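# Need coordinates for the following:
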Amino acid sequence: QTGSYNTAVGWKAWNVGTGAACTMVGAEAGLSVTSNSNDTYLGSSAGRYATGEKNVAVGSEAFEGVSGSTSGSENVIIGHQAGHAMTSGGKNTFIGHKAGYSQTSHSNTIAIGCQASENIVTGGSIAIGSKAGHDHTTCHTNICIGDNTDSDSGKVSHKLVLRKVPRRFVTRFNSQGNLQ
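Below you'll find the predicted structure:
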């Protein structure tokens, strides 16, 4: 590797790198990174095929991508196999085991929770909760909050879906705006 302010630790970690200010830790972490700058990949195969810049991937196979075609930039991906299939999407946040797993080329998606937006193939949605937005396949710009929330099995766009919570967890305010 060449460049400045770089750290690579692990078998084939950052194998061909020439960028600056990159950190690659783990077997094959950042394997295909060439001239990127400001990337951090921690975990076995994290960012393995990534060639975009300013990405953070933490977890085994997080943001692993596809050989020869992964150029997404400015992503934050944390969790085992989170953002696994990314090829060119940018400005995404995936946190949790398999969060955003099938996302390929879309941007501006937030998925927080185990398997949140796991099967998503479009962008611009927010999913918070275990399996929230799990089956978004053709829709975009949805907000799903709560475990197992979805928007009609992914067939509707521009929709807010909330999962009903038990009464003891509902917060109420009085007419003066004070918490009751």
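
# going forward, measure contacts and count neighbours with C-alpha atoms only.
Noted.

# Specify the beta-bridge partners of Ala50.
Note on Ala50: beta-bridge partners by DSSP bridges are Thr70.

# dump the residue contacts of it.
Taking C-alpha atoms under 8 Å, 6 or more residues apart in numbering, we find Ala50 in contact with Gly30, Leu31, Ser32, Val33, Phe63, Glu64, Gly65, Ser69, Thr70, Ser71, Gly72, Thr87.

# Mind doing that once more with 6 Å?
Residues near Ala50 by C-alpha atoms under 6 Å, 6 or more residues apart in numbering: Val33, Thr70, Ser71.

# Need the pLDDT of it.
Note for Ala50: predicted pLDDT of 88.

# any idea how far it lies from Thr40?
11 Å (C-alpha to C-alpha, to the nearest Å).

# Same question for Val76.
From Val76 to Thr40 the distance is 10 Å (C-alpha to C-alpha).

# residue ranges of the strands in this structure, please?
7-9, 23-25, 40-42, 56-58, 76-78, 93-95, 110-112, 126-128, 143-145, 160-162 (DSSP state E).

# which residues are in contact with the third one?
Going back to what we said before, that points to strand 40-42. Cys22, Thr23, Met24, Val25, Ala29, Gly47, Val56, Ala57, Val58.

# Got the confidence number for the third one?
Note for Met24: predicted pLDDT of 94.

# so it bridges to which residues?
With DSSP bridges as the rule, Met24 is bridged to Ala8, Tyr41.

# In this structure it contacts Trp11, no?
No - Met24 is beyond contact range of Trp11, at 10.5 Å (criterion: C-alpha atoms under 6 Å).

# So if I had to pick from those two, which one is more boxed in?
Neighbour count, other C-alpha atoms under 10 Å: between Met24 and Trp11, Met24 has more, with 30 against 14.
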